[in-house]
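Q: can you look at this prediction? I've put the sequence above it.
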Amino acid sequence: MALRTKLVLSFSVLLLLVITGFGIVASRSVDTILIDQIDKLLVGFRDRASGFIPGPGVRPGEPGDNDPDQSTADEDELPVRRDAAEIWISETGEVLSVRASGFVDDPDPLPDVSLIAPGEGPVTIPSVDGSLEYRATTIEGGRIPGTLVVAVPLTDVAEANTSMLVVLALTGLGVLLIGGTATWFMVDRSMRPVAEMVDTAEAIAAGDLTRRIEGADPNTEIGRLGVSLNDMMLTIETAVEHEREGQETLRRFVADASHELRTPIAAVSGYAQLHDQGGLQDPDAEERAWQRIGAESRRMGNLVEDLLALARLDQPGSLDIANSDIITIIRDAVDDHEAIDQERRVTVVGDEAVHAMVDSERLHQVVSSLLSNVRTHTPPGTAVEIRVDTVEDRARVVVKDDGPGLPADALDHVFERFYRADDSRSRKSGGSGLGLAIADAIVDAHGGSLSVENDSGAVFTITLPLAAPSS
């Protein structure tokens, strides 16, 4: 059963119980009020008539009340509608006189006077045949010994109660229908966001992670739930997208690593087969083969070391962070560069010490990788400037050369693993395509950033978190 149906049924049942309870209370209240009015009439009549009852067949106030010579009233001369039944009972219990209530031609059944004792009343007693009830009282003290039982039928009370219950039932039915219908529309309107959430959840379960709950009102409980679900789905979508990107990156990484390793492995395997088959009889050829085997082995070793470095950088806690003067680290890397290549002079701008939280060996590796990139891809004599300064709470290192710069289509890919700017993937430089990827991973592990642009040459910018000032 749907939730909205349960809510409407629950409200309808509750409303029905309220209407029923109100009807019961109203019915009892009407009974009490009407019977109380009858009791007052009976008590008043009893108080006025006590000791003044003329005897059987004569009512107080009629001829014969005080004059025994006057004849009693003829039964046919009584009013057509009697208000009460009157039964005169002797001391021995014999019924001396009977006047039934109701119409003369259709009197009401007599009350069962055996159920009321002398001096008792007002009490409720049934008729002899049990078809209706009376409210009765007894009157004593007439000229003839005995007891007069005066009983008022409760027919009017029952009819009034029945009429009231019919009105209440019809009114309650109308209220129930109107209330149930209004509740259905209110619940339906309130449940629309829930239905939308269900549809959205089903769409998401089917794979559409872009679905969102529209029009969620943050001022309502259901609206806040919708907003929270949208935020949660955004987080999940982002995580899934990152997972897909990670899987794609891993796939490319494995493919590129396999490609990089295939060539040196094939070369080593080829020379080994030539040696086994006796194809290297010439000493010069054998020497050349061993040289190539050694070179390709070193290439594979370097590649494996680079891959291990990247794997270690992907793990937390891989750096030995300390408060270090990055200008000193940069000058050491520049000295190493100039020992290798004196044709490409490097100028360091920034004489004052700049302290940052870095792993000094890893930062040295980053600067050395950038300078190695200059040696590999710029013509001899290319000048390099390294400028060090601070921007807000970051240290900034800018490495700029006046070479030809990078191809425009390479700017977005230079930090990808195994990427080379030349389409031929030339290995004449001995590079594996991991140098800049490792440099980017090192800077990222420091909580910094590494970017590149062209501005009269290639410009690499490193940002690193500054060290907290010593107190």
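A: Happy to help now that I have it.
Q: got a list of what Asp440 touches?
A: Contacts of Asp440 were listed using Cβ atoms under 8 Å, 6 or more residues apart in numbering, and they are Phe415, Leu450. In short, each C-beta sits where N, CA and C put it, glycine included.
Q: ok, then the element right after the one helix or strand it maps to?
A: Element membership for Asp440 (DSSP states H and E) is helix 435-445. Next along the chain after helix 435-445, taking DSSP H and E as the criterion, comes strand 449-454.
Q: so which bits of stretch 331-346 are buried?
A: Ala333, Val334, His337, Arg344, Val346 (16 or more other Cβ atoms under 10 Å).
Q: among those, which lie within strands?
A: Val346 (DSSP state E).
Q: flag the least confident of the buried residues of stretch 331-346.
A: Lowest pLDDT within the buried residues of stretch 331-346 is found at Arg344 (85).
Q: I figured that one was touching Glu385, is that so?
A: No: under the criterion of Cβ atoms under 8 Å, Arg344 makes no contact with Glu385, lying 11.4 Å away.
Q: just to revisit the earlier point, okay, the angle between the helix holding Asp440 and strand 449-454?
A: Between helix 435-445 and strand 449-454, the angle comes out at 140 degrees (axes from the mean of the first three to the mean of the last three Cα atoms, to 10 degrees).
Q: quick one: buried residues of helix 435-445?
A: Buried-residue list, helix 435-445, by 16+ other Cβ under 10 Å: Gly435, Leu436, Ala437, Ile438, Ala439, Asp440, Ala441, Ile442, Val443, Ala445.
Q: using TSV, lay out these together with pLDDT and distance to Val391.
A: Shown next, in TSV, are these (pLDDT from 0 to 100; distance: Cβ to Cβ, whole Å):
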residue	pLDDT	distance to Val391
Gly435	81	26
Leu436	85	23
Ala437	85	25
Ile438	84	25
Ala439	87	20
Asp440	88	19
Ala441	86	23
Ile442	87	20
Val443	89	15
Ala445	85	20
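Q: need the max-distance pair from the residues you listed.
A: Taking Cβ to Cβ as the measure, the buried residues of helix 435-445 span a maximum distance of 15.9 Å, between Gly435 and Ala445.
Q: how about low-confidence regions in the stretch 51-200 of the chain?
A: 51-82, 141-144 (pLDDT under 70).
Q: kindly report the same for the stretch 251-400 of the chain.
A: Looking at the stretch 251-400 of the chain by pLDDT under 70, you get 256, 259-260, 314-317, 351.
Q: mind listing the strands for it?
A: Secondary structure of the stretch 251-400 of the chain (DSSP state E, counting those that start in this stretch): strands at 322-325, 346-349, 355-358, 384-391, 394-401.
Q: so what does the third one touch, helix or strand wise?
A: Using 3 or more Cβ pairs under 8 Å, 6 or more residues apart in numbering; DSSP states H and E, the elements in contact with strand 355-358 are strand 322-325, helix 326-340, strand 458-465.
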